[in-house]
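K.L.:
here you go, sequence then predicted model.
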2 protein chains.
Amino acid sequence: MKTVSSTESIQYQPPTWEAILAAHARIAPRIHRTPVLTSASLNAIAGARLFFKCENLQKTGSFKIRGASNAILSLTEQEVARGMVTQSSGNHGAAVACAAAWRGVPAWIVMPRNAPAVKAAAIEGYGGKIVLCEPTVTARKATCDRVQAETGAHLVHPYDDDRIIAGQATAAKELLEEVGDLDAVFAPVSGGGLLSGTCLGAKGIRADVRVVGCEPERADDAYRSLTSGTLQSLESSDTIADGLRASLAPRTFAILRRHVESILLVSEEEIISAARLVWERMKIVIEPSSAVAIAPLLKPGVVASLNLPKRTDGGTPKLGVIFSGGNLDVSSLPWK
Amino acid sequence: MKTVSSTESIQYQPPTWEAILAAHARIAPRIHRTPVLTSASLNAIAGARLFFKCENLQKTGSFKIRGASNAILSLTEQEVARGMVTQSSGNHGAAVACAAAWRGVPAWIVMPRNAPAVKAAAIEGYGGKIVLCEPTVTARKATCDRVQAETGAHLVHPYDDDRIIAGQATAAKELLEEVGDLDAVFAPVSGGGLLSGTCLGAKGIRADVRVVGCEPERADDAYRSLTSGTLQSLESSDTIADGLRASLAPRTFAILRRHVESILLVSEEEIISAARLVWERMKIVIEPSSAVAIAPLLKPGVVASLNLPKRTDGGTPKLGVIFSGGNLDVSSLPWK
């Protein structure tokens, strides 16, 4: 795979619309077309009409199966023969293990020691082999490299990969296909696979839709990268949003620089209280990383501060929110 | 309203298909068309293809808004003028309070003292006025009669009412419209509004679909009524399925006698473990009453014991399951 460094990011060509259409056709028979839910009580709190794309209800419990299955289903028999390897805080690992099982090959998943046990159990449930490492970006990459060298497995990077980005783009594509006149779409950002895919998938349907990233204050590398204009790293993070502990990569940074309106930061308390509100009002299980995408919209004045153009229908803004996943230990809830 | 006694139940004419169509047209603009979800892992456990109609994702968090809004939206201005009154363990109360608010009139909700606090809070959130009573069928009826006499409010019975039954029928109607070749549909039974509506709504689309009721062992009046052939009462009940503590009424008994295949009983432990499995695998919040409808299907041999005809597609049985609601206190989970 061609390496993209941060300095040449301006020349990088992201996945085309045709690549996203091909990804969608490839994965649609295998995954759920997840529902778009609404909630009158959350609308009232936000002062907007919210449309929630529920990737927590996706196969493997997160959007990650979109990218992972697009990558793995597009490989030749020879390319998959020695199995798959990746690093993941959990959801991408489950997705790679699941898609590898579809191809009948093994998957090695490198996970930080502080990843939730329930995510490790899910990976093992799909037949994945877990390799634990220290919870730092450096250790995760080094361990992944070592496993790859030892096994000869094919690397499925969690986000710095066009096949992954094209797959993740299909979630926003489906959302805009269903609700075509959204003013903006909100998605959480970690390594940027979902958010960059959201840019491409949403804007491919409606060119002037705005895309907003949402990030924990305790893992704010995307915010710092986009405000400084240079790719910032995040050596480690202890946010409760365990799916958002990675840093942007050159490909995702390039796409976000071009397409993202802004990155909104939220505190740990805001994440937990948003998660609880969604469980209570919407009756769906979301993990804290999902709550990061709705948390900013529950704060007074945030929707107004977006300065969205007045709608021709005279109504409040129509905002899409992507709930990224629903994997967590339901016997140890964030608000206990 | 004409009174139907249990002895004349054989002469009772249930809501017609036209009444159900009219109910659906009346309520559809106000309620959610809830998604039908599937789960590969639950299919594997059950040995069947399961299609879950998610009324836990319905407005007010349960199917009850279907019947309540059908009843209340069909009333004249004069009939609604002095408000609404009902008795409810919670979900029907929230639905009546919500639909009364749509009409701009007050609602008095008689609730047993042991109903979950979160359900009382929801009723108050919709502007309903709560009247507490002892947790017995007798006390609930007496208190409701007293409030009705004092206020002149219009009674919206939770289930012994054709407008309610026709409204509840729309859930199964939508399910069968979406998955037309179901072999059987499973729904929980309490007073029988949902289950009798499920019979009418499902069989209106596919005449030979079987309808199975699911009931807690600790609140087994429907089981006893249908096996004995005479309406049995349930003076009180302490099942964790707090939505299933009522008894059949003449109207619902008449419909169930004619249309229900069988009633399957489940233990408290089976309810709790089914609820947890659904939260974990499907990432949705269901209350214990919903779990009653899936719990039998998770037991070995139960699907085979249904003796369903072989499918022409050669596959495993296609079974609908109606999740009735998702209202519970998410800080005090059933499995803690």
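P.N.:
Thanks, I have it.

K.L.:
so which bits of the stretch 101-250 of chain A are right by chain B?
P.N.:
A:Val118 (CB under 8 Å from any CB of the partner chain). All C-beta spots, glycine's among them, are computed from the backbone N, C-alpha and C.

K.L.:
can you pull out the strands in the stretch 101-250 of chain A?
P.N.:
Ranges of strands in the stretch 101-250 of chain A, per DSSP state E, counting those that start in this stretch, are A:107-112, A:129-133, A:154-155, A:184-188, A:210-216.

K.L.:
of those strands, which is nearest A:Glu269?
P.N.:
strand A:210-216 (11.0 Å; CB to CB).

K.L.:
kindly state the domain boundaries assigned to chain A.
P.N.:
Here the domain parsing of chain A from automatic domain parsing is A:6-63+A:162-323, A:65-155.

K.L.:
could I get those as CSV with mean neighbour count and mean pLDDT?
P.N.:
As requested, the domains of chain A are exported to CSV (neighbours: other CB atoms under 10 Å in any protein chain shown; pLDDT from 0 to 100):
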stretch, mean neighbour count, mean pLDDT
domain A:6-63+A:162-323, 22, 95
domain A:65-155, 21, 95
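
K.L.:
could you dump those to a markdown table with distance to B:Asp208?
P.N.:
Below are those laid out as a markdown table (distance: least, CB to CB, whole Å):
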| stretch | distance to B:Asp208 |
| --- | --- |
| domain A:6-63+A:162-323 | 29 |
| domain A:65-155 | 36 |
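
K.L.:
closest one to B:Ser233 among those?
P.N.:
That would be domain A:6-63+A:162-323 among the domains of chain A, by CB to CB, at 31.7 Å.

K.L.:
could you give the separation of the closest one from the chain centroid?
P.N.:
Here domain A:6-63+A:162-323 is found 7 Å from its chain centre; the criterion is CA atoms, centre = their mean, to the nearest Å.

K.L.:
could I get the full set of helices for the stretch 101-250 of chain A?
P.N.:
A:117-125, A:137-151, A:162-178, A:193-205, A:221-228, A:250-259 (DSSP state H, counting those that start in this stretch).

K.L.:
compute the inter-axis angle for the helix or strand hosting A:Ile322 and strand A:210-216.
P.N.:
Taking DSSP states H and E as the criterion, A:Ile322 maps to strand A:318-323. Interaxial angle, strand A:318-323 versus strand A:210-216 (axes from the mean of the first three to the mean of the last three CA atoms, to 10 degrees): 40 degrees.

K.L.:
strand A:318-323 close to chain B?
P.N.:
No: for strand A:318-323, no contact with chain B is found by CB under 8 Å from any CB; the gap never falls below 9.3 Å.

K.L.:
so in that sheet, which strands flank that strand, and in what orientation?
P.N.:
Its sheet considered, strand A:318-323 pairs with strand A:49-54 (parallel), strand A:184-188 (parallel) by DSSP bridges.

K.L.:
quick one, which of the ones you listed is nearest to B:Ala291?
P.N.:
Using CB to CB, the strands paired with strand A:318-323 put strand A:49-54 closest to B:Ala291, at 20.4 Å.

K.L.:
can I get the closest one in PDB, CA atoms only?
P.N.:
What follows is the C-alpha trace of strand A:49-54 in PDB, where atoms were taken according to Å, rounded to 0.1, in the frame of the first residue of the first chain:
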ATOM      1  CA  ARG A  49     -34.700  17.900  14.400                       C
ATOM      2  CA  LEU A  50     -32.300  15.100  15.000                       C
ATOM      3  CA  PHE A  51     -31.900  11.900  12.900                       C
ATOM      4  CA  PHE A  52     -29.900   9.200  14.500                       C
ATOM      5  CA  LYS A  53     -28.100   6.700  12.300                       C
ATOM      6  CA  CYS A  54     -28.000   3.700  14.600                       C
END
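
K.L.:
what comes into contact with it?
P.N.:
Contacts with strand A:49-54, where a contact means CB atoms under 8 Å, 6 or more residues apart in numbering or on different chains, come from A:34-39, A:42-43, A:171-172, A:174-175, A:178-179, A:182, A:282, A:284, A:294, A:297, A:315-323.

K.L.:
next one: phi and psi at the residue nearest to A:Tyr223 when sequence neighbours are not counted?
P.N.:
Of all residues not flanking A:Tyr223 in the chain, A:Ile263 sits nearest, at 4.2 Å (CB to CB, 6 or more residues apart in numbering or on different chains). Dihedral angles of A:Ile263 (phi, psi; degrees, to the nearest 10) stand at phi -120, psi 130.

K.L.:
show me what A:Ile263 is bridged to.
P.N.:
Where A:Ile263 sits in a bridge, its partners, by DSSP bridges, are A:Gly213.

K.L.:
residue contacts, it?
P.N.:
Applying CB under 8 Å, 6+ apart, the residues near A:Ile263 are A:Val189, A:Val212, A:Gly213, A:Cys214, A:Glu215, A:Asp220, A:Ala222, A:Tyr223, A:Leu226, A:Thr227.

K.L.:
hmm, A:Leu265 and the second one touching each other?
P.N.:
Put plainly, it is A:Val212. No: using CB atoms under 8 Å as the test, A:Val212 is too far from A:Leu265 to be in contact (11.6 Å).

K.L.:
which residues touch the residue in the stretch 51-200 of chain A that chain B sits nearest to?
P.N.:
For the stretch 51-200 of chain A and chain B, the shortest gap (CB to the nearest CB) falls at A:Asn56, measuring 4.7 Å. Each residue near A:Asn56 by CB under 8 Å, 6+ apart is listed here: A:Ser62, A:Ile284, A:Val285, A:Ile286, A:Glu287, A:Ser290, A:Phe323, A:Ser324, A:Gly325, A:Gly326, B:Lys283.

K.L.:
same thing but 6 Å
P.N.:
A:Ile286, A:Ser290, A:Phe323, A:Gly325, A:Gly326, B:Lys283 (CB atoms under 6 Å, 6 or more residues apart in numbering or on different chains).

K.L.:
ditto for A:Gly325
P.N.:
So A:Gly325 contacts A:Asn56, A:Gly61, A:Ser62, A:Asn91, A:Glu287, A:Ser290 (CB under 6 Å, 6+ apart).

K.L.:
any chance of the residues you listed in JSON lines, plus secondary structure?
P.N.:
Shown next, in JSON lines, are those (DSSP: H, G, I helix; E, B strand; the rest coil):
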{"residue": "A:Asn56", "secondary structure": "helix"}
{"residue": "A:Gly61", "secondary structure": "helix"}
{"residue": "A:Ser62", "secondary structure": "strand"}
{"residue": "A:Asn91", "secondary structure": "helix"}
{"residue": "A:Glu287", "secondary structure": "coil"}
{"residue": "A:Ser290", "secondary structure": "helix"}
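
K.L.:
help me confirm that A:Ala202 comes into contact with A:Arg210.
P.N.:
No: between A:Ala202 and A:Arg210 there is no contact under CB atoms under 6 Å: 8.9 Å.

K.L.:
name the nearest residue to whichever residue of the stretch 151-300 of chain A sits closest to chain B, sequence neighbours excluded.
P.N.:
Residue of the stretch 151-300 of chain A nearest chain B, by CB to the nearest CB: A:Lys283 (3.2 Å). Leaving aside its chain neighbours, A:Lys283 sits nearest to B:Gly326 (3.2 Å; criterion: CB to CB, 6+ apart).
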